[in-house]
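Engineer: any chance you can model this:
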Amino acid sequence: MDLLLLATGTHLEEEFGRTLEQEMYGLGDIRMKLVDLDLGQLTSLDWSRAMSQLLDKASLALEEFGPDVALILGDRSEALTFAVACNFLDVPIAHFHGGEVTGGAKDEFFRHAISKLSSLHFPTSREAANRLIQMGEVPETVFFFAPLFLSQLASKKVVAKDELAAKFSFKWGAKTALVAMHGAKFDRPSTEDYLEQLLQALGSFPELNLVFTGPNADTESIGIRRKILEWVGENESRAFFVESFGSANFVSMLRHVDFAIGNSSSLVLEAPLLGTPTALLGDRQQGRGEPRAKALPADSNVIKGAISALLGTDPSSEVDGQLNDPTARIVRALLEFDYSPKGKEFYDFT
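Structural biologist: Purely as a prediction, here's the structure:
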């Protein structure tokens, strides 16, 4: 299998940490096409126009690469735009993380749209696999082997606490929490309101060190980023901002922190597998997780009580020593699948 890579969006943006280099570190020489976008001020119009740029440039890259199959993970708008380009140019798609539910964000729309454009599916839970079939995907095209995250746990080394602190310029405290908040279109009240209540609650724990990660590049994240940076500046002795850890470092952070709080998917997908205590805020992950995660309300007193409980919880990994790495089976399925041109069948199980 010859792997080609198209990199775009915040992976190439200095403002968002230009994460391409750290994600590619140690992977060797891979043929790549870099697609820079004019993201503007991240208004809805800016983002829509940036996606039109991506559709144009991704189409040219696909024409140049001529791939047999495109691999797409997740539910970002960039992923959907790339999927549309693949569809126009008759490139079959293998989609990872389809069939999940996140009722509080636009990702919900994008994810299911990508699934319907795809020929092959690698969901990360049996529930998601069943949901894909419910959406009309033929069962023989849906492969669930194990949560995809387990392949990362099996292949990535754990980065030491001291190394993380030195690399990303933060300090560990007697207790340290990771905070990951992103914009959510359908949060009611708004995600900024949830963040405000969270920051009020965190003010009651002066002994707690906090490491905030950068919000996604979304229209709804502009105010969130501003509010986080202001709060970090006012609490610089114990609060720190890291734009992006990169996948390997982020996994190690989840292992080391005493708990994580926010609305990131990592709180309902990766953290439970690592045994990291978490608290979820808002509707962004509504319907996600097994069992489906329950979120706290936008109430500083309730959040304060949850943090007190988290501080008394000991992390305990559920997967160490019993990893079920799905990588080999995924690769085998990719190599054996029939990608010959054909119409798409809608599977009706009634």
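Engineer: any regions of the stretch 1-150 of the chain where pLDDT drops low?
Structural biologist: 40, 104 (pLDDT under 70).
Engineer: what ranges do the helices span in it?
Structural biologist: Taking DSSP state H, counting those that start in this stretch as the test, the helices found in the stretch 1-150 of the chain are 20-24, 44-65, 77-88, 107-117, 126-134, 149-155.
Engineer: the last one packs against which elements?
Structural biologist: When contacts are defined as 3 or more Cβ pairs under 8 Å, 6 or more residues apart in numbering; DSSP states H and E, helix 149-155 sits against helix 247-256, helix 270-274, helix 327-336. From N, CA and C alone the C-beta is placed, and that goes for glycine too.
Engineer: pLDDT of the very next helix or strand once past it, averaged?
Structural biologist: Using DSSP states H and E, the helix or strand that follows helix 149-155 towards the C-terminus is helix 161-168. Helix 161-168 comes out with an average pLDDT of 95.
Engineer: now tell me what touches stretch 4-16 from outside.
Structural biologist: Applying Cβ atoms under 8 Å, 6 or more residues apart in numbering, the contact partners of stretch 4-16 are 17-20, 23, 30-37, 39, 54, 57-58, 61, 65, 67, 76, 78, 82, 214, 216-217, 243-244.
Engineer: quick check on the residues you listed: which are buried?
Structural biologist: Restricting the contacts of stretch 4-16 to buried positions leaves 17, 19-20, 33, 35, 37, 39, 54, 57-58, 61, 65, 67, 76, 78, 82, 214, 216-217, 243-244, with burial counted as 16 or more other Cβ atoms under 10 Å.
Engineer: run a quick neighbour tally on the closest residue to residue 37 other than its chain neighbours.
Structural biologist: Among residues not flanking residue 37 along the chain, residue 50 sits closest, at 4.5 Å (Cβ to Cβ, 6 or more residues apart in numbering). Per other Cβ atoms under 10 Å, the neighbour tally for residue 50 reads 21.
Engineer: can I assume residue 50 is in contact with residue 41?
Structural biologist: No - the pair residue 50 / residue 41 is not scored as a contact, 11.0 Å apart, by Cβ atoms under 8 Å.
Engineer: now the helices of the stretch 1-150 of the chain as CSV including distance to residue 338?
Structural biologist: CSV is the format used below for the helices of the stretch 1-150 of the chain (distance: least, Cβ to Cβ, whole Å):
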stretch, distance to residue 338
helix 20-24, 31
helix 44-65, 20
helix 77-88, 17
helix 107-117, 18
helix 126-134, 18
helix 149-155, 24
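Engineer: okay, now the sheet partners of the helix or strand harbouring residue 177, with direction.
Structural biologist: Per DSSP H and E, residue 177 falls inside strand 175-180. Neighbouring strands of strand 175-180 in its sheet, by DSSP bridges, are strand 208-213 (parallel), strand 259-262 (parallel).
Engineer: which ones are touching residue 2?
Structural biologist: residue 31.
Engineer: for it, phi and psi?
Structural biologist: phi -100, psi 120 (degrees, to the nearest 10).
Engineer: for it, give its distance to residue 69.
Structural biologist: Per Cβ to Cβ, to the nearest Å, residue 2 is found 11 Å from residue 69.
Engineer: what's the answer for residue 214, then?
Structural biologist: In terms of Cβ to Cβ, residue 214 sits 32 Å off from residue 69.
Engineer: can you check residue 37 too?
Structural biologist: Distance from residue 37 to residue 69, by Cβ to Cβ: 24 Å.
Engineer: residue 15 too?
Structural biologist: 33 Å.
Engineer: the two: who's more crowded?
Structural biologist: Each of residue 15 and residue 69 has its neighbours counted (other Cβ under 10 Å); residue 69 has more, 16 against 11.
Engineer: so residue 90 makes contact with residue 341?
Structural biologist: Yes - Residue 90 lies in contact with residue 341 (Cβ under 8 Å); the separation is 6.4 Å.
Engineer: tell me the confidence at residue 316?
Structural biologist: 63.
Engineer: residue 237 - how many residues pack around it?
Structural biologist: With other Cβ under 10 Å as criterion, residue 237 counts 9.
Engineer: and what of residue 307?
Structural biologist: 21.
Engineer: ok, it touching residue 261?
Structural biologist: Yes - using Cβ under 8 Å, residue 307 is in contact with residue 261, at 7.1 Å.
Engineer: what about the stretch 251-350 of the chain, any weak spots by pLDDT?
Structural biologist: 285-293, 315-323.
Engineer: domains of the protein?
Structural biologist: Structural domains assigned to the chain are 4-154+325-336, 161-311, following automatic domain parsing.
Engineer: give me whichever of these is most buried.
Structural biologist: domain 161-311 (a mean of 19; mean count of other Cβ atoms under 10 Å).
Engineer: how far out from the middle of the chain is that one?
Structural biologist: 14 Å (Cα atoms, centre = their mean, to the nearest Å).
Engineer: what's the span of it, first residue to last?
Structural biologist: 19 Å (Cα to Cα, to the nearest Å).
Engineer: ok, stretch 13-28 next?
Structural biologist: End to end - Cα to Cα - stretch 13-28 spans 22 Å.
Engineer: do stretch 209-218 as well
Structural biologist: Stretch 209-218 has an end-to-end distance of 27 Å (criterion: Cα to Cα).
Engineer: so for it, what's the average pLDDT?
Structural biologist: The average pLDDT for stretch 209-218 rounds to 88.
Engineer: returning to that earlier point: any chance of the domains of the chain in CSV, plus distance to residue 347?
Structural biologist: Converted to CSV, the domains of the chain look like this (distance: least, Cβ to Cβ, whole Å):
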stretch, distance to residue 347
domain 4-154+325-336, 5
domain 161-311, 22
